[in-house]
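1. Here you go, sequence then predicted model.
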Amino acid sequence: MTIRSLLSLAVALIAVFILCAGGLGGTLAGGTAAAGCVRVPVATSPGSPGPSAPGTAAPTGPTRWPAVGGWDSGQVGNAAAITTTGARLGVPARGWVIAVATAMQESSLRNLAGGDRDSVGLFQQRPSQGWGTPTQLRDPVHASEKFFDRLVTIDGWQTMPLAGAAQAVQISAYPDAYAKWERPAAELVTAIAATVGLPADGLAGCGAVGPWTQPVLAPVGSAFRSPSRPGHDGVDLAAPRGTIIRAASAGTVRTVRCNAVHASTGAEWGCHRDGDPTVTRGCGWYVDIDHPGGLLTRYCHMDKAPMVTVGQQVAVGQPIGLVGSTGHSSGPHLHYEVHTGGDASPGGATDPVPFMAARNVPLGAPPP
């Protein structure tokens, strides 16, 4: 079988797995998903290449990479250079995804000869800031090495939201822009890893540690049952459209539903378009997850159909959907609820802010 055929098969299998399992590693439970992306990857079978000591040869792929999805051969080849360099340096798979997502934002995975001021290459690194010479920074391997060298010096980078880790390296004027590339980067890295024989287990739970994690890292907007909104049974987290929403804890998906109706008539509005704070009612695309101890979490206003299905077991930190503005919504955000006693009605709702703070994952703050 040709390399092109093998890669096409790998991508197809990954796509099916994502659709069926709601994201990479969808069947993982507990903390195992997070563990898969913070440890150094190890070969899973005799003869398959694993990471090597710094300075040794990186895993090799085809001389010319085929296109993957919307990424052409050159872009995939640049992502492969980043991924295999990370593997050679012994950086865990989470780092590969962060680096590829960063390059997606900075250069669309193009090895650019120039950019803003003296920015050069895949990561738009600046010679004047000490990254290297222009010639060095046009070398994808050198540029990747410099990125990883700085990434691994950041305390706690493995468990930070992707945008936070990327921003800590890049110091960009648009720190939130990296978040939207997390899922495309994870999919592309997984396809590349499959081709060259690198394991990339656990990418779904990257960024999550412990039994609970923040569903998104964003400021808290509208509060729980404030005087102006006494029927507001959760809190609004002001994340940009397309931000990945993660399961706050391991559990079982109870509900996956579109709930968006005309406020005046009750007729279906649908979730194929944004809602309105006056015209529409409902949670839009939303997910309920049951957790041990009679706890339930709810995630509303997703941009499109969720990544999970009813009855599916999800890991803490597993991607379950994307931030949007469907249903009763004035703009992109995540409406997040916590319920006790297994009661999904307003009677079971509790304020998520003190609840999450008590579990050492305060909303709006980076994980400890």
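-> Yep, it's here. Numbers count the residues shown, from 1 in each chain.
2. mean confidence for stretch 145-165?
-> The average pLDDT for stretch 145-165 rounds to 88.
3. correction: stretch 353-363
-> So the average pLDDT for stretch 353-363 ends up being 92.
4. can you pull the buried residues of it?
-> By 16 or more other CB atoms under 10 Å, the buried positions in stretch 353-363 come out as 353, 355-356, 361-363. Quick note: C-beta positions are derived from backbone N, CA and C, even for glycine.
5. With secondary structure as extra columns, can I get those residues in CSV?
-> Shown next, in CSV, are the buried residues of stretch 353-363 (DSSP: H, G, I helix; E, B strand; the rest coil):
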residue, secondary structure
V353, helix
F355, helix
M356, helix
V361, coil
P362, coil
L363, coil
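6. If we only consider those residues, which is nearest to P62?
-> V361 (42.2 Å; CB to CB).
7. Spatially, which two of the buried residues of stretch 353-363 are the most separated?
-> It's V353 and V361 that sit farthest apart of those, by CB to CB, at 11.2 Å.
8. What average pLDDT does stretch 235-254 get?
-> 92.
9. What of stretch 300-315?
-> According to the model, stretch 300-315 has a mean pLDDT of 92.
10. Buried residues, stretch 70-85. List them.
-> Buried, per 16+ other CB under 10 Å, within stretch 70-85: 71, 75-85.
11. Out of those residues, which sit inside helices?
-> Mapping the buried residues of stretch 70-85 onto helices (DSSP state H) picks out 75-85.
12. Just give the nearest non-adjacent residue to the residue positioned nearest the centre of the chain, would you?
-> Of all residues in the chain, the one closest to the mean position by CA atoms, centre = their mean is E182, 4.2 Å from it. Nearest residue to E182, sequence neighbours excluded (CB to CB, 6 or more residues apart in numbering): L162, at 4.7 Å.
13. Verify the stated contact: the residue nearest to the centre of the chain with T102.
-> No - with contact defined as CB atoms under 8 Å, E182 does not count as touching T102 (10.6 Å).
14. what about the strands in the stretch 201-350 of the chain?
-> 235-237, 244-246, 251-262, 280-291, 295-302, 313-314, 319-322, 334-339, 349-350 (DSSP state E, counting those that start in this stretch).
15. Switch the ones you listed over to TSV; also include mean neighbour count and distance to L137.
-> Putting the strands of the stretch 201-350 of the chain into TSV (neighbours: other CB atoms under 10 Å; distance: least, CB to CB, whole Å) gives the following:
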stretch	mean neighbour count	distance to L137
strand 235-237	24	36
strand 244-246	27	29
strand 251-262	19	45
strand 280-291	23	42
strand 295-302	25	38
strand 313-314	25	40
strand 319-322	27	32
strand 334-339	24	37
strand 349-350	18	51
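16. Can I get those in JSON lines including distance to A93?
-> As requested, the strands of the stretch 201-350 of the chain are arranged in JSON lines below (distance: least, CB to CB, whole Å):
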{"stretch": "strand 235-237", "distance to A93": "27"}
{"stretch": "strand 244-246", "distance to A93": "16"}
{"stretch": "strand 251-262", "distance to A93": "24"}
{"stretch": "strand 280-291", "distance to A93": "25"}
{"stretch": "strand 295-302", "distance to A93": "25"}
{"stretch": "strand 313-314", "distance to A93": "19"}
{"stretch": "strand 319-322", "distance to A93": "15"}
{"stretch": "strand 334-339", "distance to A93": "26"}
{"stretch": "strand 349-350", "distance to A93": "36"}
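17. Quick check: which element contains the residue nearest to the centre of the chain?
-> If you go by DSSP states H and E, E182 is part of helix 182-196.
18. Sketch out the low-pLDDT regions of the stretch 51-200 of the chain for me.
-> Along the stretch 51-200 of the chain, the model assigns pLDDT under 70 to residues 51-61, 159, 199-200.
19. Now do the helices in it.
-> Secondary structure of the stretch 51-200 of the chain (DSSP state H, counting those that start in this stretch): helices at 73-88, 93-107, 134-137, 140-151, 162-170, 182-196.
20. and the gap between the residue nearest to H142 when sequence neighbours are not counted and D233?
-> Nearest residue to H142, sequence neighbours excluded (CB to CB, 6+ apart): Q136, at 4.7 Å. Relative to D233, Q136 is positioned 54 Å away (CB to CB, to the nearest Å).
21. For these two, indicate the residue with more neighbours.
-> The neighbour comparison of Q136 against D233 (other CB atoms under 10 Å) goes to D233, with 22 against 17.
22. Contact partners for the residue nearest to the more buried one when sequence neighbours are not counted?
-> In space, D233 comes closest to A349 once its chain neighbours are excluded; the distance is 4.0 Å by CB to CB, 6+ apart. Contacts here follow CB atoms under 8 Å, 6 or more residues apart in numbering; on that basis A349 touches 224, 233-234, 337-339.
23. thought R183 was touching P319?
-> Yes - with contact defined as CB under 8 Å, R183 counts as touching P319 (6.6 Å).
24. what's around the nearest residue to L151 once chain neighbours are set aside, how many residues?
-> Counting by CB to CB, 6+ apart, V169 is the residue found nearest to L151 once chain neighbours are left out, at 5.3 Å. Around V169 there are 23 other residues, counting by other CB under 10 Å.
25. before we move on, what about the one 4 residues further on?
-> For A173, the number of neighbouring residues by other CB under 10 Å comes to 7.
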